[in-house]
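Asks: My questions concern the predicted model and sequence given below.
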Amino acid sequence: AQSVAQPEDQVNVAEGNPLTVKCTYSVSGNPYLFWYVQYPNRGLQFLLKYITGDNLVKGSYGFEAEFNKSQTSFHLKKPSALVSDSALYFCAVRDMSVDSNYQLIWGAGTKLIIKP
Amino acid sequence: DGGITQSPKYLFRKEGQNVTLSCEQNLNHDAMYWYRQDPGQGLRLIYYSQIVNDFQKGDIAEGYSVSREKKESFPLTVTSAQKNPTAFYLCASTDGDGYEQYFGPGTRLTVT
């Protein structure tokens, strides 16, 4: 079965330190992978995606993600965290099943807390 | 500005009443989606529509209904049959390539 896992419910990072939010996936074929961010009581905002090409993908607000096919991972990273990065982060993968109409399969979300 | 609007932002209803949540987009997207989000959980798909006058059930369609009479609009009705309707509801759309989804600001429904 196709799935996405975000193994950490919460990640705590001090401001200025690098941050990593983990995501692993299981999907048939080549994956289309996405990261979204959600601030309290708001809709989700698209951060970045991997479709093909360079394994290191750069996105909005200084975030980047590294696609690792052998480890089936797509971890979100930022070199220097800001307090304003505190939010809920979702990883998603496109469902490649024939009858899926290419819906997205969502991870459960990781709460990122950046402490001053 | 192009985007997705959802109204109202907060909605309160008494148990046993049907309620309709609005979702409108001016992105000219064909596909639209409704998700439910509960605290501590990810997004769960309620219904989706790939084209006007056509829609399919998602993972948790029971107690919900939708219509897609216009490309721009995809309203969701939460019926009295939905056992636990209190939640945050998100509408999304996607373009023809079906890559990233664009989300509205959400509607928080509270049923008492």
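Replies: Sure thing, it's come through. Numbering: from 1, shown residues only, chains lettered A, B, ... in the order given.
Asks: Please give me every residue in contact with B:Arg13.
Replies: B:Val19, B:Pro85, B:Leu109, B:Thr110, B:Val111, B:Thr112 (Cβ atoms under 8 Å, 6 or more residues apart in numbering or on different chains). The C-beta positions use only the backbone N, C-alpha and C, and glycine is treated the same way.
Asks: Torsion angles phi and psi at the nearest residue to A:Gln6 once chain neighbours are set aside?
Replies: Sequence neighbours aside, A:Gly107 is the residue nearest to A:Gln6 in space, at 3.9 Å (criterion: Cβ to Cβ, 6 or more residues apart in numbering or on different chains). A:Gly107 adopts backbone torsions of phi -80, psi 170, taken as degrees, to the nearest 10.
Asks: Which parts of the chain are strands?
Replies: Using chain A here. A:3-5, A:10-14, A:19-21, A:24-26, A:33-38, A:44-50, A:56-58, A:64-68, A:73-78, A:87-94, A:104-106, A:110-115 (DSSP state E).
Asks: Sorry, I should have been clearer: chain B.
Replies: Going by DSSP E, chain B shows strands at B:4-7, B:10-13, B:19-25, B:31-37, B:43-51, B:54-57, B:64-66, B:76-78, B:87-94, B:101-103, B:107-111.
Asks: export the ones you listed to a markdown table and tack on distance to A:Leu82 and mean pLDDT?
Replies: Shown next, in a markdown table, are the strands of chain B (distance: least, Cβ to Cβ, whole Å; pLDDT from 0 to 100):
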| stretch | distance to A:Leu82 | mean pLDDT |
| --- | --- | --- |
| strand B:4-7 | 27 | 94 |
| strand B:10-13 | 29 | 94 |
| strand B:19-25 | 31 | 97 |
| strand B:31-37 | 25 | 95 |
| strand B:43-51 | 25 | 94 |
| strand B:54-57 | 40 | 94 |
| strand B:64-66 | 38 | 97 |
| strand B:76-78 | 35 | 97 |
| strand B:87-94 | 25 | 95 |
| strand B:101-103 | 22 | 93 |
| strand B:107-111 | 27 | 95 |
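Asks: Residue 35 pairs with what?
Replies: Looking at chain A here, since you left the chain open. A:Leu48, A:Cys91 (DSSP bridges).
Asks: wrong one, chain B
Replies: Here B:Tyr35, judged by DSSP bridges, has bridge partners B:Leu45, B:Leu90.
Asks: now swap in B:Ile51 and tell me
Replies: Applying DSSP bridges, one finds that B:Ile51 bridges with B:Asp54.
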